[in-house]
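Undergrad: Next come a sequence and a model predicted from it.
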Amino acid sequence: MRKYDLITPEGTRDLLFDESVARRAAEDKLRRLFENYGYSEVITPGIEFYDVFMLKSRYFAQETMYKLSDGKGRLMVIRPDSTMPIARLAATRLKDEARPLKLFYSQNIFRINPKNSGRDDEITQSGIEIIGGSVKKADMEVLNLAAEAIKTFETEDFRIEIGDGAFFKILISGLTDDEEEKEQIREYVENKNMPELKNALEKYRPSERADILYELPKLFGGAEVFEKAENIFKDEKLISALEDIKEAYEYLCALGLKDKVTMDFSLVNKANYYTGLLFRGYIMGYGMPVLSGGRYDALAGDFGFPCPATGFAVNINAVAKALLKNNRAELTTPPDILVYAESDALQKGFLHCRSLAAADGVRAENSLNETLEETKEFARKKGIKFIDCVDKNGNVTKIQV
Amino acid sequence: MNDVIRIALTKGRLEKDTVNLFESMGFDVSAVRDKGRRLILPINGRGIEVVLAKAADVITYVEHGVCDLGVVGKDTIMEHGGKYFELVDLGFGKCRFALAGKKGTDFYKGYGVKTVASKYTNVTRAFFESKGMDVDIVKIEGSVELAPLLGLADGIVDIVETGTTLKENGLEVYENVAPVSARLIVNTVSMKLKKECIDRLVEMIEKELRNK
């Protein structure tokens, strides 16, 4: 029988030393940022009932979730997302809390990726959720924080992209009522699948809505897309959504991000999860968005307590990778001093260690090797520069390795 | 680095068709034509690098963003799935997916669950799922035509170009599944971060395709 006791499951990994340091550094940076802006941390369970992730307004494809069953045979999943548990929290235990709620989290999510795809099944995400408050103000605040959060990547090569699910929704609503067809067209728009989109819209053209829908995936880029959009948008609702995006754009420009902000009018997410402004962050050299978020007003309602909400999540695995790649993380270094005690001076040795540790900035490791020779060998291998030898009277002799 | 875009081509016929297309657009494709055993080749003066790969790998490289663009058949896209923009139908590499089997038999007759052999198991599954029909799917790597002849399967789902192979083996097409042609796919992040370069290239390609 083959035993799988020597490897980790596909899509997971052990993080050693520098990788762990980078991961924690990335988390710490975001934690500090969120705390500074008055957000409070929540930690949700690692396993939840399957039902939490199968809502009307949002659901996860069941084949992407790790599932198990509890003692009563009920279906559970290992947390595939943090937003939905937090919406659950907001609608239950935090129902009577003063609004807006400003929450942040930093925890792992688990999703099943296709076999051999080289994707992480376990991802650490740090993010915020704003529940309640003025829609406009909350939208600007999440953008603000998203712009701050993407700075943790410590690269200038980033973009924040803003869009609004409303465009697609307005255009498709007048076109067809067939849900399956809607979903098919949505997929084509999302994937900028121009050949298939053309075929799918063929029977509705020429008509104002279908013609604009066909142009939608091409409406992305810098400020020039506003003009393009203005030229083809006639519908009042479209124009009002356009004004909203423009406002968000100008807001980000005022933050000094003019070169970093782009628009994509065809950002559309599955079902109704995102209901208004949505955005993504990209960095050069990472083939997927590293930050994503937006407004999800319908979600809390699925838990019986409707309330507007918005938020975003940052992929910490990606941040850690970027920090390591650019040598921006403070990596692991060996301790400054190795303390070796004679076998009759163990207590004295440990006390010496403690006094060194108490002195700020000195890291002392207590040697667990039998002899001084072994201790020296160990120090050489680990790159520790000094050994403090402690005898039974507490006298310390310093040796340079 | 920002200005170089990397395009992965499916080795073989699609590679040749794409190189011809590039040449008609006025690109210097001499390095790609004269490739020897190299797998990464420059198109001089255009800031483009060509990568040669197997069809499914083209998708993998584009999905992971190590190649910005790719040329791959719709057949591979349908079988492999994935997340990328499928921007242009290049028009060449045309063929179709079809359900075929022994000549003169009615595939849908009877109540028994049918067995279908295919190299493209996902395409096959999706096709019969859309019909709400349960079938047993057997994966075959080589000549799928053998499966019904040897009695392993009631039918096959495979790529059909001219239908000659089918005919010579006493098989016929029962039903078309989907048309296939070469597509230009783009990594979702590259599309945004290298918009200008990619837009320019796509515009040139579309113009050339219109003129054909």
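TA: Good, I have the coordinates. All values derive from a computational prediction rather than experimental measurement. Numbering: from 1, shown residues only, chains lettered A, B, ... in the order given.
Undergrad: Can you list the neighbours in contact with the strand or helix carrying A:Val339?
TA: Assigned by DSSP states H and E, A:Val339 belongs to strand A:337-341. By CB atoms under 8 Å, 6 or more residues apart in numbering or on different chains, the list of residues contacting strand A:337-341 from outside reads A:348-350, A:352-353, A:356, A:362-367, A:369, A:372, A:375, A:378-379, A:382, A:384-391. C-beta: built from backbone N, CA, C; applies to glycine.
Undergrad: Give me the buried subset of the residues you listed.
TA: Among the contacts of strand A:337-341, those classed as buried by neighbour count (16 or more other CB atoms under 10 Å in any protein chain shown) are A:348-349, A:352-353, A:356, A:364-367, A:375, A:378-379, A:384, A:387-390.
Undergrad: all helices for the stretch 301-401 of chain A, in order.
TA: Along the stretch 301-401 of chain A, the stretches classed as helices by DSSP state H, counting those that start in this stretch are A:316-325, A:346-358, A:372-382.
Undergrad: Let me see the mean pLDDT of the strand holding A:Val339.
TA: For strand A:337-341, mean pLDDT is 93.
Undergrad: For that strand, which strands pair with it and how are they oriented?
TA: Strands that pair with strand A:337-341, judged by DSSP bridges, come out as strand A:364-366 (parallel), strand A:386-390 (parallel).
Undergrad: What angle do helix A:372-382 and the last one make with each other?
TA: Strand A:386-390 and helix A:372-382 are oriented at 160 degrees to each other (axes from the mean of the first three to the mean of the last three CA atoms, to 10 degrees).
Undergrad: tell me the angle of strand A:386-390 relative to helix A:346-358?
TA: 140 degrees.
Undergrad: what sits up against strand A:386-390?
TA: Around strand A:386-390, the neighbours that count as contacts under CB under 8 Å, 6+ apart are A:336-342, A:345, A:348-349, A:352, A:356, A:364, A:367, A:372, A:375-376, A:379, A:396-401.
Undergrad: Doesn't A:Ser292 belong to a helix?
TA: No: applying DSSP: H, G, I helix; E, B strand; the rest coil, one finds A:Ser292 to be strand, outside a helix.
Undergrad: show me the contacts for it.
TA: So A:Ser292 contacts A:278-281, A:312-313 (CB under 8 Å, 6+ apart).
Undergrad: quick one: which of these is nearest to chain B?
TA: Nearest to chain B, judged by CB to the nearest CB, of those is A:Arg280 at 8.5 Å.
Undergrad: For the residue of chain A found nearest chain B, grab the count of nearby residues.
TA: Relative to chain B, the nearest point of chain A is A:Gly287 (2.2 Å; CB to the nearest CB). As a burial measure, A:Gly287 scores 19 neighbours (other CB atoms under 10 Å in any protein chain shown).
Undergrad: if I look at the nearest residue to it once chain neighbours are set aside, how far off is A:Ser117?
TA: Once flanking residues are discounted, A:Gly287 sits nearest to B:Gly65: 2.2 Å by CB to CB, 6 or more residues apart in numbering or on different chains. Distance of B:Gly65 to A:Ser117, computed by CB to CB, to the nearest Å: 13 Å.
Undergrad: So which of these two has more stuff around it?
TA: Neighbours were counted for B:Gly65 and for A:Ser117 using other CB under 10 Å; B:Gly65 has more, 20 against 14.
Undergrad: Hmm, B:Val189 and that one touching each other?
TA: Yes: in this structure B:Gly65 lies within contact range of B:Val189 using CB atoms under 8 Å: 5.6 Å.
Undergrad: Which neighbours do these two have in common?
TA: By CB under 8 Å, 6+ apart, the residues touching both B:Gly65 and B:Val189 are A:286-288.
Undergrad: ok, residue 13 - contacts?
TA: Picking chain A for this. Here A:Arg13 is in contact with A:Asp120 (CB under 8 Å, 6+ apart).
Undergrad: was after chain B, sorry
TA: Contacts for B:Arg13 (CB under 8 Å, 6+ apart) come out as B:Gly93.
Undergrad: try 10 Å
TA: Contacts here follow CB atoms under 10 Å, 6 or more residues apart in numbering or on different chains; on that basis B:Arg13 touches B:73, B:92-93, B:182.
Undergrad: swap in A:Leu103?
TA: Contact analysis of A:Leu103 by CB under 10 Å, 6+ apart lists A:34, A:39-42, A:82, A:86, A:89-90, A:94, A:97, A:127-131, A:309, A:311.
Undergrad: 8 Å instead?
TA: Neighbouring residues of A:Leu103 by CB under 8 Å, 6+ apart: A:39-42, A:86, A:89-90, A:128-131.
Undergrad: Which strand runs longest in chain B?
TA: Longest strand in chain B, counting residues (DSSP state E): strand B:171-180.
Undergrad: after that one comes which helix or strand?
TA: Next in line after strand B:171-180, if elements are assigned by DSSP H and E, sits strand B:182-186.
Undergrad: In JSON lines, list the strands paired with strand A:337-341 along with mean pLDDT.
TA: Converted to JSON lines, these look like this (pLDDT from 0 to 100):
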{"stretch": "strand A:364-366", "mean pLDDT": "91"}
{"stretch": "strand A:386-390", "mean pLDDT": "93"}
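Undergrad: ends of stretch A:52-67, how far apart?
TA: 13 Å (CA to CA, to the nearest Å).
Undergrad: pLDDT (mean, whole number) over it?
TA: 84.
Undergrad: Give me the buried stretch members for that stretch, please.
TA: Residues of stretch A:52-67 classed as buried by neighbour count (16+ other CB under 10 Å): A:52-55, A:57-58, A:60, A:65-66.
Undergrad: which residues are in contact with that stretch?
TA: A:50, A:75-78, A:80-81, A:84-85, A:88, A:110-113, A:121, A:270-273, A:296, A:298-299, A:301-303.
Undergrad: Filter these down to the buried ones.
TA: A:50, A:76-78, A:80-81, A:84-85, A:88, A:110-112, A:121, A:270, A:272-273, A:296, A:298-299, A:301-303.
Undergrad: Can you flag which of those residues belong to helices?
TA: Judged by DSSP state H, these include A:84-85, A:88, A:299, A:301-302 as members of helices.
Undergrad: Pick out the most distant pair among these.
TA: Farthest apart among those by CB to CB are A:Pro85 and A:Gly301. That separation is 15.9 Å.
Undergrad: who are the neighbours in contact with A:Ala91?
TA: By CB under 8 Å, 6+ apart, the contact list for A:Ala91 reads A:300, A:303-305, A:307.
Undergrad: Might you enumerate the residues of chain B proximal to chain A?
TA: Within chain B, the positions lying close to chain A (CB under 8 Å from any CB of the partner chain) are B:1-2, B:60, B:63-66, B:81, B:83-89, B:183, B:186-193, B:195.
Undergrad: After the helix or strand B:Val19 falls within, which helix or strand is next?
TA: Using DSSP H and E, B:Val19 falls within helix B:13-24. Counting by DSSP H and E, the next helix or strand C-terminal to helix B:13-24 is helix B:30-33.
Undergrad: export that following helix as CSV, just CAs?
TA: In CSV, the C-alpha atoms belonging to helix B:30-33 read as follows (Å, rounded to 0.1, in the frame of the first residue of the first chain):
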residue,chain,number,x,y,z
SER,B,30,13.0,34.7,-40.4
ALA,B,31,14.1,33.6,-36.9
VAL,B,32,10.9,31.6,-36.4
ARG,B,33,11.2,30.0,-39.8
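Undergrad: which other helices and strands contact the next helix-or-strand element following it?
TA: Proceeding N to C from helix B:30-33, the next assigned helix or strand is strand B:40-43, under DSSP H and E. On a contact count with 3 or more CB pairs under 8 Å, 6 or more residues apart in numbering or on different chains; DSSP states H and E, strand B:40-43 meets helix B:30-33, strand B:48-53.
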